[in-house]
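J.: When you get a sec, could you give me coordinates for this:
(chains A and B)
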Amino acid sequence: MKKKILIGVMVVALAAAGYFIADHLKVHVPQLEQGFGIWESEMSIVANPGGTNVATLTIINGRDQDRSFYITLEQPNPNKVPYGYDVFPQECYGWFTMPETAIDITAGHYHQLQIPISVPYNATYLNRNAELRVQVTAFDATGLVQLAVQSRWYIVVTETRE
Amino acid sequence: MKKIQRLGLSLVIVVALLLAVPLATMADNPTVAITVTAEVVAITNSKATWAIGNVAVDAVVYFSTDGTQDDDWSQITNTGSVACDVEIQGTDIEGGDYDWVLAPAAASETYSLFANTQGAPTVYDVGVNSSSYNDITTDLAADATFDWSMKFTAPSAFNAADDGNEKSATVTLVASKH
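T.: Down below sits the predicted model:
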């Protein structure tokens, strides 16, 4: 009887631990009633030549309607980048591989873009800080005014090669 | 009793492996480190369309239902979780035989577009251009609203050979974290 109770306790403990861990690993993306947005307002990236990683950008579509989006890399207004930062040079856009440049999202859903970052080993843009904007634009053939949101990416490029 | 010990040991191993998964992921590819600020950037705007209709040279039309300067503003709402700046950009007007270029001042085959930063539009002080974004409002708090409008000035001369077909342009409002 004691063995059965102990086994039962262990099973319950295992289930509780599994639920706790799964809940912490789960993505709790906020929802929007209307319009659309992105979840990652800012991203700080410290990059070494030869380094790689993957950034996630979450596009949230509101519950009001289905939408189509396109995703672009944009340069910020030079007057608005932080002190000590450059506008990220267009010739380095190849460091980022956009998996999709256009996407449809149904009402009330979200989509996570996985954007691989790969800094060339022989990169010459080194020891600089720069800002890049990743822009998500909703396009509607009938609208004069279209809306877009940007994630501000602050990129610090070091000289240390891997 | 040994069975129970084995079961307990298995439980410890399973939990340890589950905990190790995110740590292993973090350790992967350490040469590009990414730190994310998870805040929602989102806006809505109350009016999307503007049917200007037929215009004469030098005509001035406002972004209101009847085209006059009244209190029929469009309204931006910050539906995100963080204060944001909203910038504006326009395009040339395209269609028919001849496009109209967007420029700071109307001229032959050239139109101008201005927006306001007053929140209650009386002064149209933000030039809308096609090559860069200009602020229309900054530090707009979460859940806050901003009333805005636009003023269109038609070209001072039209090309007589234009077929008169409908032309269209797009204005983009861009929100980013303040």
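
J.: can we go C-alpha only for contacts and neighbour counts from here?
T.: Noted.

J.: Check which element follows the helix-or-strand element of chain B with minimal mean pLDDT along the chain.
T.: Confidence across the helices and strands of chain B bottoms out at helix B:2-27, with a mean of 58, counting by mean pLDDT, DSSP states H and E. Next in sequence after helix B:2-27, counting helices and strands by DSSP states H and E, comes strand B:32-45.

J.: Need the contact partners of that following strand.
T.: A:30, A:34-48, A:51-53, A:55, A:117, A:147, A:149-151, B:74-82, B:84, B:175-177 (Cα atoms under 8 Å, 6 or more residues apart in numbering or on different chains).

J.: Over to stretch A:80-87?
T.: Under the contact criterion Cα under 8 Å, 6+ apart, stretch A:80-87 has outside partners A:Gln75, A:Pro76, A:Asn77, A:Pro78, A:Arg128, A:Asn129, A:Ala130, A:Glu131, A:Leu132.

J.: one more time with 10 Å, if that's ok
T.: Around stretch A:80-87, the neighbours that count as contacts under Cα atoms under 10 Å, 6 or more residues apart in numbering or on different chains are A:74-79, A:88, A:128-133, A:152, A:154-156, B:178.

J.: same thing with stretch A:61-71?
T.: Contacts of stretch A:61-71 (Cα under 10 Å, 6+ apart): A:31-38, A:59, A:98-111, A:113, A:134-140, A:148-150, B:42.

J.: of those residues, buried ones?
T.: If you count burial by 16 or more other Cα atoms under 10 Å in any protein chain shown, the buried members of those come out as A:31-32, A:34-38, A:59, A:98, A:105-111, A:113, A:134-139, A:148-150, B:42.

J.: remind me which residues of chain B are low pLDDT?
T.: Where chain B drops to pLDDT under 70, the residues are B:1-4, B:7-30, B:119-121.

J.: how about the strands of it, start to end?
T.: Here chain B has its strands, by DSSP state E, at B:32-45, B:60-62, B:74-78, B:84-89, B:101-102, B:110-115, B:126-127, B:134-140, B:145-148, B:150-153, B:171-177.

J.: Tell me the buried residues in the second one?
T.: The neighbour-count check on strand B:60-62 (16+ other Cα under 10 Å) flags B:Val60, B:Val61, B:Tyr62 as buried.

J.: Tell me the strands beside it, with direction?
T.: For strand B:60-62, the pairing partners within the sheet under DSSP bridges are strand B:150-153 (antiparallel).

J.: May I have the partner strand exported as PDB, CA atoms only?
T.: Extracted as PDB, the C-alpha positions of strand B:150-153 are listed here (Å, rounded to 0.1, in the frame of the first residue of the first chain):
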ATOM      1  CA  MET B 150      -3.500  66.200 -44.000                       C
ATOM      2  CA  LYS B 151      -3.600  69.000 -46.500                       C
ATOM      3  CA  PHE B 152      -3.200  68.300 -50.200                       C
ATOM      4  CA  THR B 153      -2.300  70.900 -52.700                       C
END
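
J.: outside of it, which residues touch it?
T.: Taking Cα under 10 Å, 6+ apart as the criterion, the residues outside strand B:150-153 that touch it are B:52, B:55-64, B:67-69, B:73-74, B:105-107, B:110-116, B:121, B:123-128.
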